[in-house]
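> Test case, fold it:
(chains A and B)
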Amino acid sequence: MVFNSLIFVAFFALVLALHSLPFSWTQKKINLLIASYIFYSAWNPPFVILLWISTVVDWFAAQEMIRAKNPWRRHAWMLASVIANLGMLGYFKYGQFLLDNFVTLAAALGVHYHPPKFDIVLPVGISFYTFATLSYTLDVYLRRATPARNFLDYALFVTFFPHLVAGPIMRPTELVPQFAEPRRASPDQLRFGLALMTLGLFQKVVLADGFLAPAVQGVYDAGKAPGMLDAWMSTLAFSGQIFCDFAGYSTTAIGVALCLGFAMPDNFRFPYAAVGFSDFWRRWHITLSSWLRDYVYIPLGGNRHGEVRTYASLMGTMLIGGLWHGANWTFVVWGGLHGLYLAVERLLRGRFSDFRPGAWSLAALGLLTFILTNITWVFFRAKTFDKAWTVLRGMAGANAHAPPLVAAVYLITTAAIVSGIVAAHAYMRNRTLEQVVARVHPAAIVMVWSAMAFAVIIEQGSGDAFIYFQF
Amino acid sequence: MPSSTSSFEIVLEAPARHAPPPGLRLTAADRPGVAQPVPERDIPAQPWRAISLAVLVITAALTGAWEWRARTHGLRAGDLNDGPSAWAEQRRRIDTEPVAVAIVGDSRILFDTNLDRFQALTGVRPVQLALQGTNGRPFLENLADDPKFKGLVIVGMAETSYFRKGVGLMKAALDRAHYESPAQRGSFLIKRELERHIAFIDHDSQLSSMIARLDPGLRPGADDNPYDDVWKISETFDDRQTALWPRIEQDTYLRVQARHAWDGFRGKPITKDVIAMTEARTRAAVNKIRARGGEVVFVRPPDAAALRVNEEKRLPRSAGWDALLKAVNARGVHADDLPAAQDLTVPEFSHLNAKCAVVFTDAYVRRLTQLTARLRLRPDAPPPLSTADCAPGSTRVKGAGPRA
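Residues are numbered from 1 along each chain as shown, chains lettered A, B, ... in the order given. Below is the predicted model of the structure:
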């Protein structure tokens, strides 16, 4: 189920009530585990089996790694875990993509192969829980952590519903220890958790789905070539939509966990205030970028084996990061562009290591980062390269006599909302939400919280899935 | 929130390699290559109890005011909204009960059929499967492909909707009937119960839609000008009984906008290959249904002359309706041929008002009972209606509304 649905409201109320009853801590964890399976199976019950397979395989792999007396046996169990997890991910997410590319390649070589079309349904959130559970065996293999001694705690780590389907991608060391002792939210944690949920749902239901999506669809789902204004405004709208959608999910998830007494990590740190792309990736989808850094970039060699290897590792990591988002070459190009930006930034930082930007330079570099990020979003949102080129040509003003595509009201709301997001990120660049909330007058909090709650209620929402669920 | 000890131990400490600016808390981005510790989430020091109480009271008051505003603008509790889940629920009835009559088609047969009148005349309450903005043919084919269905299909038709390749607006309904997740079903059931008591829950009256509609077309030619869209024109009740929203009749601005949205049903003439494809696929579907004992009839509801003239330009009756019935060897009821259904009130040119829908239903169902043995008039059927029965001021018929 999605957070922005009525069934979730009922589900969460029930879970909260159960969690506050005087059960033993073990019983409460069992309740949370069952609730998490119900949460997941509300999409498609049979896919719970995949979750179980992933859970059980990694549990035994980690146990065997610890028992293994010789290194190759440890290595073999680690590989078994990686193959099992990536095998499932590969089959369900990339099976059709690989087959299509094989057919294209064969055709290029003169072999005309026509396999039957796969009819594979992508299990929701498989990319997220695969990475979460992989981090468990990899941390044990890398001797960063010892295996959980309690299967219940481990299974709950994999399945805990606030992070299960769209992150934040949690590491076992972040969550398993929280299951060791009884946890129940204090009244203030519960209230602040509800406030965070309201903020997250406001971002998703009102801003992303209600106001920004129409401007995006007006160009990216249209059959006509956009002019410069439409192409830029639609892409800016998508930059706002993807942030509000995904950060909204993360904020809601953090709020949900907090209401139950658990802490989840930040997944976003006001990314549109980033200056440079290494800064951007320390602010955008932090739990994914740090996962890729720790389990892909560093094992590939990181920056320890010379410049060429560093750039290769960087690009390889970002291409994999792109492909993680979806089985389409457009996502690979999106990742490749970010890899290129990071490589150029690294090169420039080396050449101009003495450069200390002033306030205006920082602002200009921040703006450049935002504009270049928007270029990458074109490939992220466009379903085909043809569409991406058409939009990019529009952004460059090269689509002559393009008809207007986006209505004036959507141009105005996009300009207002995206400007507001960028301004808010600039203000919050070196602050946390909690710091700002602690400083403002309580009346302001009441006003903003009420306005957001009211807007969520009257926007109603249509239970649209979060964009990141498809990844 | 303090971290706790656990059996799951972090073996390596996590030094911060990229110290963030003062004031920011560390994240995994600042701790490369190490096990990540339990996150810490601080709660801002504020009087949260008073704040949350105030938020609750203010939000409740604002929502109450919004509900009052919705009711003053003609929204009614009990209007259940239509959508893929509501359609799928009706479609599933074919899997679980012997359905004698199912209706497929576009919004005209959906709005213009009164299920209560149909039932009063024949004793049969049809399963309403017609959909707004949607081609009835793929849904006829869907029934044809379902061996469980052996009843009568009434295919409602606006030619410009039926004679086309695509499904139209509500393709999602077919997908939803194919698979509806437990979460979708659960949310649908909760929402429907709320809609019975709350008027402002209405997918045409969302905050973003209302703001979008402030744009009177400031950017001429833009594809998605909200003023050119179809706004709220219908109400839906139990069993997907749908009727024209009374405000369309009462409010000049809304009525004019609704007429504007149809753009006179202007468009290019329907091509011969589309006509041939439509006839061939309809014939195949009809034959499939007949092969297992079912039957198919066609109904063409009325519309205003302002639209009809353009529809005739795109596909004359002789090349569309008449040719189709001949091609598939089926019977049908055209509004033009029903004396009791002339001069009915079509406020926004395309759909009858709720009262006239009862009169039209009365007229076409009586004719159908003469065309097919699958429908019979009950001995205690109410007496026939005429156009005068839905004239302003007449109280003989009552349009569709929420069930008591």
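
> what residues are up against A:Thr373?
Counting by Cβ atoms under 8 Å, 6 or more residues apart in numbering or on different chains, A:Thr373 touches A:Ser239, A:Tyr272, A:Ala274, A:Phe280. For glycine as for every other residue, the C-beta is placed from the backbone atoms N, C-alpha and C.

> change it to 10 Å
A:Ser239, A:Pro271, A:Tyr272, A:Ala274, A:Phe277, A:Phe280, A:Trp284, A:Leu337, A:His338, A:Tyr341, A:Phe380 (Cβ atoms under 10 Å, 6 or more residues apart in numbering or on different chains).

> Check which helix or strand B:Ile94 maps to.
Using DSSP states H and E, B:Ile94 maps to helix B:84-96.

> Revised request: answer the last question for B:Leu254.
According to DSSP H and E, B:Leu254 maps onto helix B:252-262.

> packing partners for that helix?
In this structure, helix B:252-262 packs against helix B:246-250, helix B:305-314, with contacts taken as 3 or more Cβ pairs under 10 Å, 6 or more residues apart in numbering or on different chains; DSSP states H and E.

> Highest mean neighbour count out of these?
Of all those, helix B:246-250 has the most neighbours on average by mean count of other Cβ atoms under 10 Å in any protein chain shown, namely a mean of 17.

> quick one: contacts of it?
Residues from elsewhere that reach helix B:246-250 (Cβ under 10 Å, 6+ apart): B:73-76, B:231-235, B:253-259, B:345, B:347-348, B:351, B:353-355, B:392, B:399, B:401.

> what do you get if the cut-off is 8 Å, keeping everything else the same?
Helix B:246-250 is contacted from outside by B:73-74, B:232-233, B:235, B:254-255, B:258, B:345, B:347-348, B:353-354, B:399, using Cβ under 8 Å, 6+ apart.

> Please identify which pair of these lies farthest apart.
Spatially, the most separated pair among the contacts of helix B:246-250 is B:His73 and B:Thr345, at 22.1 Å (Cβ to Cβ).

> And the two? Which one has more around it.
Using other Cβ atoms under 10 Å in any protein chain shown, the more surrounded residue of B:His73 and B:Thr345 is B:Thr345, with 18 against 14.

> Please report the distance of that one from B:Pro126.
23 Å (Cβ to Cβ, to the nearest Å).

> Kindly report the same for B:Phe149.
Going from B:Phe149 to B:Pro126 by Cβ to Cβ gives 13 Å.

> Mutual contacts of these two, please.
Common neighbours of B:Phe149 and B:Pro126 (Cβ under 8 Å, 6+ apart) are B:Ala102.

> Tell me which of those two has more neighbours.
B:Pro126 (24 against 21).

> thought the more buried one was touching B:Ala102?
Yes: if you go by Cβ atoms under 8 Å, B:Pro126 and B:Ala102 touch, sitting 6.3 Å apart.

> which residues are common contacts for these two?
In contact with both B:Pro126 and B:Ala102: B:Ile154, using Cβ under 8 Å, 6+ apart.

> Chain A contacts on the stretch 201-350 of chain B?
Residues of the stretch 201-350 of chain B found near chain A (Cβ under 8 Å from any Cβ of the partner chain) are B:201-203, B:206-208, B:211-212, B:214-215, B:217-226.

> If we use 10 Å, what do you get?
With the criterion set to Cβ under 10 Å from any Cβ of the partner chain, the stretch 201-350 of chain B comes near chain A through B:201-203, B:205-229.

> what's the burial count for A:Met1?
Count around A:Met1 with other Cβ under 10 Å applied: 26.

> for A:Gly350, that is, sorry about that
Counted with other Cβ under 10 Å, the neighbours of A:Gly350 add up to 9.

> Kindly report the same for A:Asp119.
Residues near A:Asp119, counting by other Cβ under 10 Å, number 6.

> was I right about it contacting A:Gln96?
Yes: contact criterion Cβ atoms under 10 Å: A:Asp119 and A:Gln96 qualify, at 9.0 Å.

> Give the intersection of the neighbour lists for these two.
Counting by Cβ under 10 Å, 6+ apart, no residue touches both A:Asp119 and A:Gln96.

> Which secondary structure element is home to B:Gly332?
strand B:331-334.

> Many thanks, we can stop here.
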